[in-house]
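Structure, please.
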Amino acid sequence: STVREQSGSTPSGTGPEVAATSAVDDSEAVQKLEEVAEKMIDDETALRFIAVPILVQEEKREAKLPPVSQVRDLLSKDQLFVGASEVVFERVYILEGQVVDQPATALATMQQRLIDAGMENVELFLQRCIEPDRCAVLVML
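Below is the predicted model of the structure:
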């Protein structure tokens, strides 16, 4: 099953509406992160690592990841990574699936594909999942 979030635009004004929207967005992000913890990643340190860019302060949210479909296509080219599900945040994508090659080799190849596509500011990390034959590719700014 795929869990996806399409990030909406945040109101550009200042005032109570912006604060309320930000609080709701953070609350939804925390809830989605808790779902990731229950279903995919059991490592508390990894979850904290993921939470940092998700819950950044508003003024630091200018940088955006490329569309998840573009990232997914690059990573799964030649069946290097076979995705099963994804969780999409504004600044973090968590793609769950299987890496066909050795993890270190696959990670280096996937990172190079992003660099070749002009995404040198995007970082990749591999994380073991709760299911033993699965891993999560963390795509982060």
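
When you work out contacts or count neighbours from here on, use the C-alpha atoms and nothing else.
Noted.

what residue lies at the spatial centre of this structure?
With distances taken as CA atoms, centre = their mean, Tyr93 lies nearest the centre of the chain, 1.6 Å away.

Output the below-cut-off pLDDT ranges for this structure.
Applying pLDDT under 70 to the chain flags the ranges 1-24, 56-61.

that older thread, contacts only, for the residue nearest to the centre of the chain.
Contacts for Tyr93 (CA atoms under 8 Å, 6 or more residues apart in numbering) come out as 68, 86-87, 137-140.

just checking, Phe81 touches Leu95?
No - Phe81 is not in contact with Leu95 according to CA atoms under 8 Å; the separation is 9.4 Å.

wait, is Ile94 part of a helix?
No - checked against DSSP: H, G, I helix; E, B strand; the rest coil, Ile94 lies outside a helix; its state is strand.

what's across from it in the sheet?
Each beta-bridge partner of Ile94 is listed here: Val87, Leu138, as defined by DSSP bridges.

Could you double-check that it lies in contact with Val87?
Yes - the criterion here is CA under 8 Å, and Ile94 meets it with Val87 at 5.1 Å.
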